[in-house]
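> Just a sequence and a predicted model for now, questions to come.
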Amino acid sequence: MPNHDSYRKTVSITIEACVTSVRSALAAQQGGADRVELCDNLTEGGTTPGPGSILAARRYLDIGLNVIIRPRGRDFLYTDLEFEIMRRDIEFCREHGVDGVVFGVQEPDGRIDTRRTGLLKEAAGSMSTTFHRAFDVCRDPFEALEALSILGIDRILTSGQQADAVAGADLIAQLVTRAGDRIVIMPGVGIDAGNIKNLISRTRAQEYHVYASRQFPGGMTFHNTRVFMGTDPSLSEYHLDLTDPASIRAIRDAADSALASHS
């Protein structure tokens, strides 16, 4: 890796926003994000969005569009049927102009499933490939890093195998150093305008995955509070979780300021 000063002078910071709707994707674009990761079901850690959302996002976004390929929540050990669904979803994304796909598959012992990861990489064609936070539950992060690099995966999304990127910053920094220019290490989870400058300094990573959502009131004027449609009754049926463009802008500005202060 370059030294501290040359790093500041030569790199730019890419901000990828995790979004759960096309509306949020457009808000992230408005706030200055460079790319979005479009997903659904964030309470399950993110699952593949529907084709309508993917097509609309591609039509209306001018920034990069990555789509998560995850057929269900929980672990990353998939049946043959689930894996077939993943391959078909990747083919759909490739055929409709998506820029990149995000996936992760494991063996029962916590290692990377290199055979299936290679097949998904092949299905992606020229799209970029990100191995998502399945990396954070791998048994050996450095072994996983080498396996993914050999397979030609473009980036790894990681919180440093901790609850958030701040707690995992030391491991992330080690991964950045070991990866060099072979594969991008992208910190994610818990990153905001208040801590990204410190994370840039500690990890030297050049891409950051952020989630900047807040609840906005919906348009309903009639509220039946006796009925609940979801699985978490603490959530309001009449508020929408949407990306806040002002929060994305604050993260963008803080990242740019971190580089400018050392230029």
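Received the coordinates, thanks.
> separation between Ser213 and Ala57?
According to CB to CB, to the nearest Å, Ser213 and Ala57 sit 16 Å apart. Every residue, glycine included, has its C-beta placed from N, CA and C.
> Which of those two has more residues huddled nearby?
The residue with more neighbours, out of Ser213 and Ala57, is Ala57; 23 against 20, by other CB atoms under 10 Å.
> Is the spatially closest residue to Tyr211 that is not a sequence neighbour bridged to anything, and to what?
The shortest distance from Tyr211 to any non-neighbouring residue, by CB to CB, 6 or more residues apart in numbering, is to Cys18 (4.4 Å). Beta-bridge pairing of Cys18 under DSSP bridges involves Glu37.
> Report how many residues lie close to Cys18.
25.
> Next up, the contacts around Ala25.
For Ala25, the contact set (CB atoms under 8 Å, 6 or more residues apart in numbering) comprises 17, 19, 36, 38, 57, 60-61, 65, 243.
> Tell me the pLDDT of it.
You'll see Ala25 listed with a pLDDT of 98.
> Pull the helix or strand that contains it out as CSV, backbone CA atoms only.
Assigned by DSSP states H and E, Ala25 belongs to helix 22-31. C-alpha atoms of helix 22-31 as CSV (Å, rounded to 0.1, in the frame of the first residue of the first chain):
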residue,chain,number,x,y,z
VAL,A,22,-36.1,2.5,-6.5
ARG,A,23,-37.3,5.6,-4.6
SER,A,24,-34.5,5.2,-2.2
ALA,A,25,-32.0,4.6,-5.0
LEU,A,26,-33.0,7.9,-6.6
ALA,A,27,-32.6,9.6,-3.2
ALA,A,28,-29.1,8.2,-2.9
GLN,A,29,-28.2,9.4,-6.3
GLN,A,30,-29.5,12.9,-5.3
GLY,A,31,-27.3,12.8,-2.2
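> Surely Ala193 touches Ala246?
No. Here Ala193 lies out of contact with Ala246, judged by CB atoms under 8 Å, at a distance of 9.8 Å.
> need the strands for the stretch 101-250 of the chain, in chain order.
Counting by DSSP state E, counting those that start in this stretch, the stretch 101-250 of the chain has strands at residues 128-131, 155-158, 184-187, 207-210, 213-217, 239-243.
> Tell me which strands the third one pairs with, and in which orientation.
Think strand 184-187. As defined by DSSP bridges, the strand partners of strand 184-187 come to strand 155-158 (parallel).
> Name the surrounding residues that touch the partner strand.
Contacts to strand 155-158, defined as CB under 8 Å, 6+ apart, come from residues 102, 128-133, 135-136, 141, 144-145, 148, 165, 168, 171-172, 175, 179, 183-188, 207, 209.
> one more time with 7 Å
Residues outside strand 155-158 that contact it (CB atoms under 7 Å, 6 or more residues apart in numbering): 130-133, 135-136, 145, 148, 172, 175, 183-188, 207, 209.
> One more: stretch 223-238?
Against stretch 223-238 from outside (CB under 7 Å, 6+ apart): 217-218, 220.
> Go again with 8 Å.
43, 215, 217-218, 220.
> From those residues, which shows the smallest pLDDT?
Among the contacts of stretch 223-238, Thr43 has the weakest pLDDT, 87.
> Apart from its neighbours in sequence, what residue is nearest it?
Nearest one to Thr43, counting by CB to CB, 6+ apart, is Asp232 at 7.1 Å.
> Show me where the stretch 51-200 of the chain has its helices.
Taking DSSP state H, counting those that start in this stretch as the criterion, the stretch 51-200 of the chain carries its helices at 51-60, 80-95, 114-124, 141-151, 169-179, 196-203.
> ok now the longest one, how far from the chain's centre?
Shown here is helix 80-95, whose average C-alpha point lies 19 Å from the average C-alpha point of the whole chain (CA atoms, centre = their mean, to the nearest Å).
> Please apply the same query to stretch 145-164.
12 Å.
> on that earlier part again, any idea which of the contacts of stretch 223-238 is closest to Phe76?
Phe76 lies nearest to Thr43 out of the contacts of stretch 223-238, by CB to CB, at 17.2 Å.
> Distance check, that closest one against Leu119.
Where Leu119 is concerned, Thr43 sits at a distance of 29 Å (CB to CB).
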